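Undergrad: Generate coordinates for the sequence data below:
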Amino acid sequence: MKNQIQLITYVDRIACKNIIELDQLLTNELDGLFGGVHILPFFYPIDGEDAGFDPINHKKVDPRLGDWSNIKKLSNSTEIMADLIVNHMSADSVEFKDFVEKGENSPYASLFLTYDKVFPKGATEKNLLQIYRPRPGFPFTKFKLADGSQKLVWTTFTQKQIDIDVFSEGGNAYLEEILAIYQQAGIKMIRLDAAGYAIKKAGTSCFMIPETFDFIDELTKKARAKGIAVLVEIHSFYKTQIEIAKKVDFVYDFALPVLVLDTLFNADATNLKKWLQIAPRNVVTVLDTHDGIGIVDVASEGDEDGLIPDNVLDNIVNKMHANSEGRSLKATGAAASNLDLYQVNCTYFEALGSNEVSYLMARAIQFFVPGIPQVYYVGLFGDENDMELLAKTNVGRDINRHYYTKEEIQKKTASSLFEKLSQLMKLRNTHPAFNGEFNLEESSAKYLEIKWVLNTESIQLKMDLENKSFEIKGAANEVESLLMKV
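TA: Residues are numbered from 1 along each chain as shown. The predicted model follows:
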């Protein structure tokens, strides 16, 4: 993948009716801002229970958006990342409906993970309590088959998302077929969605166990053989993330969003600097995504300290809620459905109190730390929480999944915030020093200084946290005339 900023977006939520219009948007209003695009689920259908992450048909582009030829055309001008949803598919899929109808006589019977496959002799209370849960309740749903019998099926996320048995012949063939389709469509990178939950084994947490690493490794080899790089999406304790990074192409730096909030809220870069000294370098950086702002990634685990002391982390979470005037509280935890126990649902702009200077500081940090930056479509416009959509759906994450109109896009791209952010983004995309050596300069806790050097080229970020200001100095092309001082 190019060492340039990528856009994360749904096709239909950024004022595009289809993939053709997304291509036009990238080459017109957003020209020069992105070297690639992570298109969030565009499979059939895009409007299921989990916004496309519960595909009825993972191998089909939703006809409302286009088809695989449109994806292929877009890939000729823009590098594309797509999700490979490895853990589950929709309960409304042809395959699962056939299983409900025919039971073990269905040709798809091996595709789905049932309770008895993992616990053939039954499970003890200890077994069940060991299972790591991203959401409340146990990960099973009872289904009544056509012959009157009942089956407990693994449903890690929702009752409409049926877990796949990735070790079965059916599960293996299913994932390989999707990879082959992606290769033909010109997709350069896949994000393994919910990969940490893909392997279930009795007597374990069923999350990021050794067999999970083996599965990810095997799938990564298959993808690489087709010219596709792999990004693994895991929210977990930071030491786990470091270990995962050693075994895959890319991981997300999910610790960064809260560490940046910590740095800006407390005018203290100590925790961020410590992380940058040990953080993996094969990372994709984000501040916001289609999900919430992850907390578990910086928190303690058991007796082990996290990247931010727990009492400080509690204050950061409370500050986010205060900055959003309580709006994030209505979308987080028990206040909304599709609960994510380890995330705060809020736009990053509102988490920062809708302060434009703080927001530009946050993006400057993101663009200067190691990794390939991704910018979420709502974050691109520095936007606020969509309380109307949240009220309509009662899905917490919808607070940060706004549907833009073309008029809104025109207004947003004409704003001074967008102009300044665009300047930062173009600088990150074009300055040669970002392909060189990363240097975290020595400075006090109240300052953050980062420098990139490549041969005779260099670019430096100097940030004064107490006075909420920063400047960027560089030598390449016309950077001297684009000196940023905020």
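
Undergrad: what ranges do the helices span in the stretch 51-200 of the chain?
TA: 68-75, 94-102, 115-118, 125-130, 169-185 (DSSP state H, counting those that start in this stretch).

Undergrad: Which among the ones you listed is found nearest to residue 433?
TA: helix 68-75 (28.5 Å; Cβ to Cβ). In this view, the C-beta of every residue, glycine as well, is placed from N, C-alpha and C.

Undergrad: Counting by contacts, list what that closest one packs against.
TA: helix 19-27, strand 57-61, strand 79-85, helix 169-185 (3 or more Cβ pairs under 8 Å, 6 or more residues apart in numbering; DSSP states H and E).

Undergrad: Go again with 10 Å.
TA: helix 19-27, strand 36-39, strand 57-61, strand 79-85, helix 169-185 (3 or more Cβ pairs under 10 Å, 6 or more residues apart in numbering; DSSP states H and E).

Undergrad: of all those, which lies closest to residue 342?
TA: strand 79-85 (19.4 Å).

Undergrad: I'd like the mean pLDDT over that closest one, please.
TA: Across strand 79-85, pLDDT averages out at 97.

Undergrad: closest one to residue 445 among the helices and strands packed on helix 68-75?
TA: strand 36-39 (34.1 Å).

Undergrad: Contacts only, for the closest residue to residue 319 other than its chain neighbours.
TA: Distance criterion Cβ to Cβ, 6 or more residues apart in numbering; nearest residue to residue 319, sequence neighbours excluded, is residue 265 at 5.4 Å. By Cβ atoms under 10 Å, 6 or more residues apart in numbering, the contact list for residue 265 reads 258, 312, 315, 316, 319, 320, 323, 351, 352, 353, 358, 465.

Undergrad: go on, residue 232?
TA: Counted by Cβ under 10 Å, 6+ apart, residue 232 has contacts 190-193, 195-196, 212-213, 216, 219-220, 241, 244-245, 247-252, 284.

Undergrad: for residue 187, same thing?
TA: Applying Cβ under 10 Å, 6+ apart, the residues contacting residue 187 are 39, 68, 71-72, 74-75, 79-82, 84, 179, 181, 223, 226-229.

Undergrad: Repeat the analysis, applying 8 Å as the threshold.
TA: By Cβ atoms under 8 Å, 6 or more residues apart in numbering, the contact set of residue 187 is 71, 75, 80, 81, 82, 228.

Undergrad: Can you tell me which of these is nearest residue 275?
TA: residue 81 (24.4 Å).

Undergrad: For that closest one, which residues count as its bridge partners?
TA: residue 38, residue 189 (DSSP bridges).

Undergrad: isn't it right up against residue 39?
TA: Yes - contact criterion Cβ atoms under 8 Å: residue 81 and residue 39 qualify, at 7.3 Å.

Undergrad: Need the overlap of contacts for these two.
TA: With the criterion set as Cβ under 8 Å, 6+ apart, the contacts of residue 81 and residue 39 do not overlap.

Undergrad: Who does residue 44 form a beta bridge with?
TA: Applying DSSP bridges, one finds that residue 44 bridges with residue 57.

Undergrad: er, residue 142 actually
TA: Under the criterion used (DSSP bridges), residue 142 bridges to residue 152.

Undergrad: ok, back up a step: and the residue nearest to residue 319, what element?
TA: Under the criterion of DSSP states H and E, residue 265 resides in helix 256-266.

Undergrad: coming back round to it: and the residue nearest to residue 319, how far is that from residue 204?
TA: 37 Å (Cβ to Cβ, to the nearest Å).

Undergrad: ok, back up a step: mean neighbour count, distance to residue 147 and mean pLDDT for the helices of the stretch 51-200 of the chain - can I get that in JSON lines?
TA: What follows is the helices of the stretch 51-200 of the chain, written out as JSON lines (neighbours: other Cβ atoms under 10 Å; distance: least, Cβ to Cβ, whole Å; pLDDT from 0 to 100):
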{"stretch": "helix 68-75", "mean neighbour count": "18", "distance to residue 147": "38", "mean pLDDT": "98"}
{"stretch": "helix 94-102", "mean neighbour count": "17", "distance to residue 147": "9", "mean pLDDT": "98"}
{"stretch": "helix 115-118", "mean neighbour count": "17", "distance to residue 147": "16", "mean pLDDT": "96"}
{"stretch": "helix 125-130", "mean neighbour count": "11", "distance to residue 147": "27", "mean pLDDT": "95"}
{"stretch": "helix 169-185", "mean neighbour count": "16", "distance to residue 147": "20", "mean pLDDT": "96"}
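
Undergrad: Residue 145 is nearest to which of the ones you listed?
TA: Nearest of the helices of the stretch 51-200 of the chain (Cβ to Cβ): helix 94-102, 5.6 Å.

Undergrad: CA atoms only: put the closest one into PDB for me.
TA: Extracted C-alpha coordinates of helix 94-102, given in PDB (Å, rounded to 0.1, in the frame of the first residue of the first chain):
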ATOM      1  CA  VAL A  94     -29.100 -18.700   1.700                       C
ATOM      2  CA  GLU A  95     -26.600 -21.000   3.400                       C
ATOM      3  CA  PHE A  96     -27.900 -20.600   6.900                       C
ATOM      4  CA  LYS A  97     -31.500 -20.800   5.800                       C
ATOM      5  CA  ASP A  98     -30.700 -24.100   4.100                       C
ATOM      6  CA  PHE A  99     -29.100 -25.300   7.300                       C
ATOM      7  CA  VAL A 100     -32.200 -24.500   9.300                       C
ATOM      8  CA  GLU A 101     -34.300 -26.300   6.700                       C
ATOM      9  CA  LYS A 102     -32.200 -29.400   6.300                       C
END
